[in-house]
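Participant: Got a predicted structure here, sequence first:
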Amino acid sequence: NLIPELSIAENIFLGREPLGALGKIRWSALYAEAQRLLDKLGVKHAPQTRLGDLSIGEQQMVEIAKAISFESKVIIMDEPTAALTDTETETERLFSVVRELRNEGRGIVYISHRLREIFQICDDVTVLRDGRFIGERPVSELNEDGIIEMMVGRKLDEQYPRIPVKQGRISLALQGLCGAGSHDISFELKEGEILGISGLVGSGRTELARAIFGADPIDSGTVYLEGKKVKIHSPIDAIHNGIGFLTEDRKGQGLVLIQSVQNNIT
């Protein structure tokens, strides 16, 4: 959908660039219209910015700007917030644009796994299960439990049942880790424990994960695995130490698309 080496504006109007009398691209008009769309979505980058320099969430906003630029009567949004931060920043900007489009008389098909979003912006909800139509109701007549029951075909007493697990010894520990985008990070992860790292786009979450895996350099600090100090200079070092990594950008960083499924798995 997007070409990293081109600018934001070129991506939005690829194949639809405004042309002058001699067939040359009217760059001033291209950038001005792109700027209008970016302002609408609250994207702070200039239209001339190389798209590949943006974060995954920001690239998602450019895709949305591109869809809006077609002035379509019906716009289908397939999980548009999947790569956005679940905060009042990017997500709320998107929702304000969706409401604006609706008020202009556009029809929006909004696909999402996040039930809270359905109640925030949708008028009606259609539930599918195993490829079959289950039902359609006004959102005002439903609550979250009702949608879940339609989705799974039965009532759920507990959405997120907690399973007690005995925690073991410390498996991973960081002390004062510093690298690109992260500074003085320390934590301990125990066997049988799930450690969550949260923050806004640009807060250093992704950079920290990449540093632990050796994809980005560690400037200072210490990494301990099962109590032993280890040096991880590259992903192969991490793999040899039993560390796996699922990237934020599955398509761009996690897979080699021109190779087979077998090669990618192994």
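Facilitator: Cool, the structure landed.
Participant: Low-confidence stretches in the chain?
Facilitator: Scanning the chain for pLDDT under 70 picks out 83-88, 158-159.
Participant: Tell me where it has helices.
Facilitator: Ranges of helices within the chain are 8-12, 27-41, 56-69, 90-103, 115-121, 144-152, 205-213, 235-240, 261-265, based on DSSP state H.
Participant: The fifth one: which residues count as buried?
Facilitator: It stands for helix 115-121. Leu115, Glu117, Ile118, Ile121 (16 or more other C-beta atoms under 10 Å). Yep, even glycine has a C-beta here, placed from its N, CA and C like the rest.
Participant: Now do the contacts for the second one.
Facilitator: In other words, Glu117. The contact partners of Glu117, by C-beta atoms under 8 Å, 6 or more residues apart in numbering, come to Thr81, Thr91, Phe95, Tyr110.
Participant: Bridged to the last one, which residues?
Facilitator: This means Tyr110. According to DSSP bridges, the residues that bridge with Tyr110 are Met77.
Participant: okay but it is in contact with Glu79, surely?
Facilitator: No - Tyr110 is beyond contact range of Glu79, at 9.1 Å (criterion: C-beta atoms under 8 Å).
Participant: These two: who's more crowded?
Facilitator: Using other C-beta atoms under 10 Å as the criterion, Tyr110 and Glu79 rank with Tyr110 on top: 20 against 14.
Participant: could you list every residue that touches the closest residue in space to Gly179 that isn't next to it in sequence?
Facilitator: Residue nearest to Gly179 in three dimensions, not counting chain neighbours: Ala211, with 4.0 Å by C-beta to C-beta, 6 or more residues apart in numbering. By C-beta under 8 Å, 6+ apart, the contact set of Ala211 is Leu177, Gly179, Ala180, Ser182, Pro217, Ile218.
Participant: What about these, which one has the most neighbours?
Facilitator: Ser182 (23 neighbours).
Participant: show me what contacts that residue?
Facilitator: Contacts of Ser182 (C-beta under 8 Å, 6+ apart): Gly204, Glu207, Leu208, Ala211.
Participant: switch the cut-off to 10 Å
Facilitator: Listed by C-beta atoms under 10 Å, 6 or more residues apart in numbering, the contact partners of Ser182 are 174, 203-212, 216, 218-219, 221.
Participant: Which ChimeraX command selects the buried ones in those?
Facilitator: Applying 16+ other C-beta under 10 Å to these, the buried members can be selected in ChimeraX as follows:
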select :174,204,205,206,207,208,209,210,211,212,216,218,221
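Participant: would a markdown table of the contacts of Glu117 with distance to Tyr31 be doable?
Facilitator: Listed next are these as a markdown table, based on distance: C-beta to C-beta, whole Å:
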| residue | distance to Tyr31 |
| --- | --- |
| Thr81 | 27 |
| Thr91 | 27 |
| Phe95 | 27 |
| Tyr110 | 30 |
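Participant: picking up where we left off before, with the buried residues of helix 115-121 in mind, which one is nearest to Ile25?
Facilitator: Ranked by distance to Ile25 (C-beta to C-beta), the buried residues of helix 115-121 are led by Ile121 at 35.9 Å.
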